[in-house]
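> sequence isn't available, so here's the structure alone:
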RNA sequence: GGCCCCAUCGUCUAGUGGUUUAGGACACUGGGUUCUCAUCCCAGCAACCCCGGUUCAAAUCCGGGUGGGGUCACCA
């Protein structure tokens, strides 16, 4: 079906069941990019047809996240509100009337129930029932097929393998299957990108488009993101929601950029994109067909790249906000340039720069051989410096090292340990400048016997 | 198990029948720069799942096997 003459419209249709999953972010991003790369519309539709699973506040969280990532929608819908208008009931009625669906008043069954075994044909399909849930009356031995937009391949099923699926629940809410078909049509969606997990239920939707006699959008299935330990990315082995990654100190830009490359790749293997750049280069040809594994290492690397490329001022603000004001803003600003090449996560700031605000507990076993001598002379030299600035400190300390014929590395290591309590720190002289003369001398003094 | 999808270095991938001793990135290893670490630079390791076909020629096309993944709710 050629829809080239129509305005391209995509949608992101999450259900409000909790914080947004990293895979959902990707689906949203790809849908957004597909629409925007063609100057089309991106629609946000909340699929809240299961009252039991809805999590309070997640609707707002989804909106806020999308907004924060720059994935701004052109239209917004909520399915429960549309349900009130009778849109789904109307479609279900039409199907029953045409003989393509039937009522079933049996008790709802759940796959998790003991002794439950799925039967493709529902016994109620031949009964004369007029209330309860509405189910699809799947025909025997027909072929349903479509060409997948992402796989770029024709996929077909025989209806003997398709179940009489529930379309309208007895509470009047539609299931996903009915809702998605009715709404994609009503909202004039031209391209529907969704997760691989929806592929097996596509024949149901295909049948519905046919029976309802409406156009269907292009349907494309995005790869599943796999967990390094096997299976789909799962909660068990670490973070999976955007919120969790943010809390760990990942930057939004890095997260979004990383997700761009999860199931999509450009011809030239370029790796860094802003949202705008991504939109301009995005194309369905780059969409991957096999499931990518979630490589946390690479995400970490990408995050470190984003931190390194950040403007000091921006990074300062991000660190300040990340710690919710715990560290004084101006001080963070001074320290930021010293730590930014050492940080992979915003949360690395504390371990790297904590010594600026908190006196370290120094383990004397860390010191080298002449540490007392090193520290005493460092104290004397530093105390004599009046204008406390980097070049002066550098010069005086190097002069000391040469005069006393110290090993440069050994001397500075002892100084480093005395001041920070750690062997791994930002450049020590720069740190002294920020720490101030008084505090520096105090820390040295406390260790000299 | 039925149905369906997929298959290039450990991972993400480029490659669309000859230009390929298969390229890049992460990770890893070695070296250089450096007051530590990190950054940065250089080098190295490392892959076309298997078996058949088609073709003068196959990572690229076809078939089978194997492997991985998804799905089988009045959840999405």
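Noted; the coordinates are in hand. Every value quoted in this text rests on a predicted model; they were computed, and no experiment measured them.
> quick check: end-to-end length of stretch A:423-433?
One end of stretch A:423-433 to the other measures 18 Å (Cα to Cα, to the nearest Å).
> buried residues in that stretch?
Neighbour counts over stretch A:423-433 (16 or more other Cβ atoms under 10 Å) mark A:425-426, A:428-433 as buried. Where you see a C-beta, it was placed from the backbone N, CA and C, and this is true even at glycine.
> next one: stretch A:327-342
Of the residues in stretch A:327-342, those buried by neighbour count under the rule 16+ other Cβ under 10 Å are A:327, A:332-336, A:338-340, A:342.
> restrict these to those near RNA strand B?
Residues of the buried residues of stretch A:327-342 in contact with RNA strand B (Cβ under 7 Å from any atom of the strand): residue A:342.
> now intersect the buried residues of stretch A:327-342 with the helices, please.
The subset of those located in helices under the criterion DSSP state H comprises A:332-336, A:338-339.
> which among these gets closest to residue A:234?
Of all these, residue A:339 has the smallest distance to residue A:234: 33.3 Å, by Cβ to Cβ.
> wait, doesn't the closest one sit right on residue A:352?
Yes. With contact taken as Cβ atoms under 8 Å, residue A:339 and residue A:352 are classed as touching, separated by 4.6 Å.
> need the residues touching each of those two.
Shared contacts of residue A:339 and residue A:352, defined by Cβ atoms under 8 Å, 6 or more residues apart in numbering, are found at residue A:426.
> count of neighbours near residue A:274?
Using other Cβ atoms under 10 Å, residue A:274 has 12 neighbouring residues.
> could you pull up the residues touching it?
When the contact criterion is Cβ under 8 Å, 6+ apart, the partners of residue A:274 are residue A:253.
> and if we set it to 10 Å?
Contacts were defined as Cβ atoms under 10 Å, 6 or more residues apart in numbering; by that measure residue A:274 touches A:70, A:253, A:256-257, A:280.
> taking those together, which two end up most distant?
The two members of these with the most space between them (Cβ to Cβ) are A:253 and A:280, at 16.4 Å.
> which of these two has more neighbours?
Relative neighbour count places residue A:253 above the other of residue A:253 and residue A:280, with 20 against 12, counting by other Cβ under 10 Å.
> packing partners of the helix or strand where that one lies?
Under DSSP states H and E, the secondary-structure element containing residue A:253 is helix A:252-260. Based on contacts counted as 3 or more Cβ pairs under 10 Å, 6 or more residues apart in numbering; DSSP states H and E, the elements that helix A:252-260 packs against are helix A:22-36, helix A:58-69, helix A:242-248, helix A:275-281, helix A:296-309.
> for these, which one ends up most surrounded?
Among these, judged by mean count of other Cβ atoms under 10 Å, the one packed with the most neighbours on average is helix A:22-36 (a mean of 24).
> how would you label the residue in chain A that RNA strand B sits nearest to: helix, strand or coil?
Sorted by distance to RNA strand B under Cβ to the nearest atom of the strand, the residues of chain A start with residue A:290, at 2.7 Å. Residue A:290 carries the three-state label coil when classified by DSSP: H, G, I helix; E, B strand; the rest coil.
> I figured residue A:294 was touching residue A:230, is that so?
No. Applying Cβ atoms under 10 Å as the test, residue A:294 and residue A:230 come out as separate, 11.7 Å apart.
> the two - which one has more neighbours?
More neighbours surround residue A:294 than the other of residue A:294 and residue A:230, with 23 against 9 (other Cβ under 10 Å).
> residues touching that one, list them.
Contacts here follow Cβ under 10 Å, 6+ apart; on that basis residue A:294 touches A:22-23, A:225-228, A:232-234, A:237-240, A:258-259, A:262.
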